[in-house]
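> sequence first, predicted model second:
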Amino acid sequence: MAMIEKYANPTVFLGITRPLVPWLGGATVATLSAGLYLALFASPADYQQGESVRIMYVHVPAAWMAMMCYTSMAIASGVGLIWKHPLAHTAARATAPVGAAFTLLALVTGSLWGKPMWGTWWVWDARLTSVLILFFLYIGYMALNNAFDNAQRGANAAAVLALVGFVNVPIIKFSVEWWNTLHQPASVMRMDGPTIHASMLWPLGLMALGYTLFYFWVLIIRIDADVTAGKIRALRQRRAHS
Amino acid sequence: MGRFFCVLRRDLHLALRQGMDSFMVVMFFVIAVVLFPFGVGPEPNTLARIAAGVIWVAALLSSMLSLERLFLGDYEDGSLELLVLSPATLETLVLAKIAAHWLTTGLPLIVAAPFLAILLNMDGEGFVTLVAALALGTPTLSLLGAVGAALVLGSRRGGVLLSLLILPLFIPILIFGVSAVDAAVGGYPVKPQFMILGGFLALALPLCPWAAAAGLRQSLE
């Protein structure tokens, strides 16, 4: 705990992470460009799906990130509620829009992929519906966070909501196994190893890595901005009261 | 346990003295359902096909309607602070308030539902299932709603925000509630749907009062 206490101080945290920002940014751009090149040009087309399989390289990692962001948001909210670290609430708040954007990206690319493959933009199957609920949960989290005049109250209330909404994440993960759906079951994250060929696994992995780096890059920038905004607010209040 | 019934009796008294609240929720439920034949046309087969879904969605929205006031009155006049300070655990008292909410809104909806099912020309096979599914599902709605009601206390635009937070969480209950009625009408076994609805209730019963109590405590900090 002592170590977490030390790094949970916003000044110490930002002192360590701020120099990482340009490196993370560079790594994100490099990984995403390499991943996109492999995905869009250097990887083979699918024997059934043809060229439209390339949507997968954008869609699948975005869906992973949507769940990963919600999970980290819920963990950060739990830490914020239990140990009352303000930085944990800040991290959760900073994660929400990024996660919502990934969820929207997964929904939109999935819709674009569904049209040529399934012949429809949208079906109400378990996987699609539960991801849509995830998107609504992100929106609700952000709305609740901003609904109070006292920022601390908003953070606490939204943290409880994030924890309650976490029940949705396992439902998304297992929806393709519990229900017989149009959406195909997992082919990478399985117990008996991935079932897709290495020539497709590599670009997929690179894209997932790129998305993750992007998340951490934006996360640090957003935490920095949030902490700075808090300082500005405090300074203004002090000036108004003096 | 004595304090549980004390709070339950108090909330029921308050609801009965004011009287209109429960009645208005049921009226909203009836009017919302009656709108559908105008919207989709009075064709009996169409109405029979959508009856279960329409009744469930209207029940969801009407139980939403009264949720905002679940803790708001107590929050504004300060009795919430007395509840928090009382020696009984807050979770018990929250559960009592939820039970009172269900008795004053959920129960009237269940009573009204078969009449609306007749209006919508629903197949007779589904009536018992509809009532049973509502009886199993609406307590979960009140339980989940209490968490939202506790979280939005003291916020700006609490009512709109509440629906944004809670309606997504209501979706699973809607899905299995409707599919139970559809299965009964189609002549299939309804046990799986009831097991799942019962499972939701069994999960929500211990967890939601706990989360709602956490929300109430932080609203008074």
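Cool, the structure landed.
> from now on I want contacts and neighbour counts done on CA atoms only, so please keep to that.
Noted.
> need the CA coordinates for stretch B:36-51. PDB is fine.
The C-alpha coordinates for stretch B:36-51 follow below in PDB (Å, rounded to 0.1, in the frame of the first residue of the first chain):
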ATOM      1  CA  PHE B  36     -50.000   2.000 -29.100                       C
ATOM      2  CA  PRO B  37     -53.100   1.000 -31.000                       C
ATOM      3  CA  PHE B  38     -53.300   4.500 -32.300                       C
ATOM      4  CA  GLY B  39     -49.600   4.400 -33.200                       C
ATOM      5  CA  VAL B  40     -49.400   1.000 -34.900                       C
ATOM      6  CA  GLY B  41     -53.000   0.700 -36.000                       C
ATOM      7  CA  PRO B  42     -55.900  -1.300 -34.500                       C
ATOM      8  CA  GLU B  43     -55.200  -4.500 -36.500                       C
ATOM      9  CA  PRO B  44     -55.800  -7.300 -33.800                       C
ATOM     10  CA  ASN B  45     -53.100  -9.600 -35.000                       C
ATOM     11  CA  THR B  46     -50.400  -6.900 -34.900                       C
ATOM     12  CA  LEU B  47     -51.500  -5.800 -31.400                       C
ATOM     13  CA  ALA B  48     -51.500  -9.400 -30.200                       C
ATOM     14  CA  ARG B  49     -48.000  -9.800 -31.500                       C
ATOM     15  CA  ILE B  50     -46.600  -6.800 -29.700                       C
ATOM     16  CA  ALA B  51     -48.800  -6.900 -26.600                       C
END
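> residue boundaries of the strands in chain B?
Taking DSSP state E to define them, one finds no strands in chain B.
> low pLDDT regions in it?
For chain B, the stretches flagged by pLDDT under 70 are B:19.
> contact residues of it facing chain A?
B:148, B:151-152, B:154-157, B:161, B:164-165, B:168-169, B:211, B:214-215, B:218-219 (Cα under 8 Å from any Cα of the partner chain).
> change it to 6 Å
Neighbours of chain A within chain B, by Cα under 6 Å from any Cα of the partner chain: B:151, B:155-156, B:164-165, B:168.
> and the buried ones among the residues you listed, selectable in PyMOL?
Buried residues among the residues of chain B next to chain A (16 or more other Cα atoms under 10 Å in any protein chain shown), as a PyMOL selection:
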select buried, chain B and resi 151+155+164+165+168
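> helices or strands up against the longest helix seen in chain A?
Using DSSP state H, we find that the single longest helix of chain A is helix A:198-241. Judged by 3 or more Cα pairs under 6 Å, 6 or more residues apart in numbering or on different chains; DSSP states H and E, helix A:198-241 is in contact with helix A:20-37.
> same for the helix it packs on, what does it pack against?
Using 3+ Cα pairs under 6 Å, 6+ apart: helix A:20-37 touches helix A:198-241.
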